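Trainee: I would like the atomic coordinates for the input below:
(4 chains)
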Number of protein chains: 2
Amino acid sequence: MLKNKSERQSRQEKLAKILAENPMTTDNELASLLNVSISTVRLDRALMGVPELRERVRTMAQDAVSKLQSLNPSEVIGELLELEPDKWALSVLRTVKDMAFRFTDIVSDNYVYSQASSIAVAAIQAANVIIDSMRGEYKGHSHVGDVLIARAKVGVNHDGKKIVSVRTKVGDREIFVGRFILEVVE
Amino acid sequence: MLKNKSERQSRQEKLAKILAENPMTTDNELASLLNVSISTVRLDRALMGVPELRERVRTMAQDAVSKLQSLNPSEVIGELLELEPDKWALSVLRTVKDMAFRFTDIVSDNYVYSQASSIAVAAIQAANVIIDSMRGEYKGHSHVGDVLIARAKVGVNHDGKKIVSVRTKVGDREIFVGRFILEVVE
DNA sequence: TTATTTTTTAGCACCTGGTACTAATACCTC
DNA sequence: GAGGTATTAGTACCAGGTGCTAAAAAATAA
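Mentor: Numbering: from 1, shown residues only, chains lettered A, B, ... in the order given. Alright, predicted model coming up:
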């Protein structure tokens, strides 16, 4: 009984590992991988509360998509809260563990940068804006879970180029200060 | 006949739109959304070459996962090709259409930045490095499909801080020049 | 060794969301 | 009304399951 119990346990652990590595494994495949019958696999899954293949794939797709949408920095990183074109803008970025640097809980600099550059671009009322140059300073780090608030202020025109300064804060703490020089093109 | 043909066409366009917005729509739902029978929906799908729900979800899941893995810049963005710790490093980033800015084929600045900052950090031989400040200049844009080659050179120590300069090129064309001031912490 | 309990397995009916195919019906045009 | 397309109904079948029952096998206790 002891032996049996541990056998079942280790089998279920194996099952969990297999699914963690590749959630798109059918009961059939699991059965042959674990050298037991399909019935046993299904019993195990039921006991463990592991949903069926289709459910797993479905949630995978949804999870991944929602992550992509919040992670994909191709548009504005963070949520654009307020915007007065050519004057100022404000965006919020809720940091999650995917944004962490290496194995720490410190938010990777490129998220801070991306939020800043995105809001700088968003603040300019023109379809095609490119970043000519920029300068930035990191004043401290932010941790996973922090909410980054970036404020952009559009400055003077300068040879047809616009200067946008961005300040990013976590609460009262200033994390990043940057100055972007943007060029409007057609 | 003309009317019929255009009706079918517009219905198929509708169908495509619905699926583009929400690929997880069953034939049943499609049928009631389009006010036709399931048979018609299936016929339309067959004519259009649109795969079944499960196939759509499956590919969604896979696509999204692979995108996430290639997109997630939590580690080095780009491929670290060569590395002489505390001296220099070289990384390559193959750009894909997900990296494009808005609806253009110009690569978003934050990918250029992320590659640069990643290689700057990677060039320093220490577990915990943070970016103190940086300055960068975009010299031109790169297009989707371009291969970005970034070279980092570690400069002098300066108050325990290290200066790393990064130059990013596409072929011979210089895209970006940046100077990162990094701090090693415990 | 036998009895009891646990674990594993088999088998069946049923489910969703389809494919692949056939046949009937509706509609439009000439 | 004939001819052709578009739509719909219906059938058999499929994967990858659920949910249930029951038998067989193995382990454990008496």
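Trainee: do you know the pLDDT at A:Arg102?
Mentor: On pLDDT, A:Arg102 comes in at 58.
Trainee: kindly report the same for A:Leu81.
Mentor: pLDDT, read off for A:Leu81, is 69.
Trainee: cool, A:Arg151 as well?
Mentor: A:Arg151 is given a pLDDT of 94.
Trainee: go on, the one 5 residues further on?
Mentor: pLDDT, A:Val156: 79.
Trainee: which SSE is it in?
Mentor: A:Val156 is part of strand A:147-158 when elements are defined by DSSP states H and E.
Trainee: contacting residues around the next helix or strand after that strand?
Mentor: Elements were assigned by DSSP H and E; along the chain past strand A:147-158, the next helix or strand is strand A:161-170. For strand A:161-170, contacts defined as C-beta atoms under 8 Å, 6 or more residues apart in numbering or on different chains pick out A:86, A:112, A:115-117, A:119-120, A:123-124, A:132, A:142, A:146-156, A:174-184. Quick note: C-beta positions are derived from backbone N, CA and C, even for glycine.
Trainee: now the strands for chain A?
Mentor: A:79-84, A:88-94, A:129-138, A:147-158, A:161-170, A:173-184 (DSSP state E).
Trainee: how about the ones you listed in CSV, adding distance to DNA strand D and mean neighbour count?
Mentor: Shown next, in CSV, are the strands of chain A (distance: least, C-beta to the nearest atom of the strand, whole Å; neighbours: other C-beta atoms under 10 Å in any protein chain shown):
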stretch, distance to DNA strand D, mean neighbour count
strand A:79-84, 37, 13
strand A:88-94, 34, 20
strand A:129-138, 45, 20
strand A:147-158, 39, 17
strand A:161-170, 44, 20
strand A:173-184, 46, 20
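Trainee: reformat these as CSV; add distance to A:Thr25.
Mentor: Shown next, in CSV, are the strands of chain A (distance: least, C-beta to C-beta, whole Å):
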stretch, distance to A:Thr25
strand A:79-84, 37
strand A:88-94, 33
strand A:129-138, 43
strand A:147-158, 38
strand A:161-170, 41
strand A:173-184, 43
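Trainee: where does pLDDT dip in chain A?
Mentor: A:1-6, A:64-81, A:101-104, A:126-128, A:185-186 (pLDDT under 70).
Trainee: how is it carved up into domains?
Mentor: Residue ranges for each domain of chain A read A:2-69, A:73-184, as given by automatic domain parsing.
Trainee: and the contacts of the strand holding A:Val156?
Mentor: Outside strand A:147-158, the residues that reach it (C-beta under 8 Å, 6+ apart) are A:78, A:86-95, A:107, A:111-112, A:115-116, A:119-120, A:122-124, A:142, A:162-170, A:175-176, A:181.
Trainee: how about 7 Å then?
Mentor: A:78, A:86-95, A:112, A:115-116, A:119-120, A:123-124, A:142, A:162-170, A:175 (C-beta atoms under 7 Å, 6 or more residues apart in numbering or on different chains).
Trainee: note down every partner strand of it and its orientation.
Mentor: strand A:88-94 (antiparallel), strand A:161-170 (antiparallel) (DSSP bridges).
Trainee: okay if I get those as TSV plus distance to B:Thr59?
Mentor: Shown next, in TSV, are the strands paired with strand A:147-158 (distance: least, C-beta to C-beta, whole Å):
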stretch	distance to B:Thr59
strand A:88-94	29
strand A:161-170	37
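Trainee: so what's the gap between the strand holding A:Val156 and the chain middle?
Mentor: 23 Å (C-alpha atoms, centre = their mean, to the nearest Å).
Trainee: so that strand versus strand A:173-184, what angle?
Mentor: Interaxial angle of strand A:147-158 relative to strand A:173-184 (axes from the mean of the first three to the mean of the last three C-alpha atoms, to 10 degrees): 40 degrees.
Trainee: phi and psi next, for A:Lys87.
Mentor: Backbone dihedrals for A:Lys87, given as degrees, to the nearest 10, come out at phi -120, psi -70.
Trainee: any idea how far A:Glu174 is from it?
Mentor: Going from A:Lys87 to A:Glu174 by C-beta to C-beta, to the nearest Å gives 21 Å.
Trainee: ok, now A:Arg151?
Mentor: For A:Arg151 relative to A:Glu174 (C-beta to C-beta), the value is 11 Å.
Trainee: give the contact list for A:Pro85.
Mentor: So A:Pro85 contacts A:Gln125 (C-beta under 7 Å, 6+ apart).
Trainee: likewise for the one 4 residues further on?
Mentor: A:Ala89 makes contacts with A:Leu80, A:Glu82, A:Leu83, A:Ile119, A:Ala122, A:Ala123, A:Ala152, as judged by C-beta under 7 Å, 6+ apart.
Trainee: at 10 Å what do you get?
Mentor: Contact analysis of A:Ala89 by C-beta atoms under 10 Å, 6 or more residues apart in numbering or on different chains lists A:76, A:80-83, A:118-124, A:150-154, A:164, A:166.
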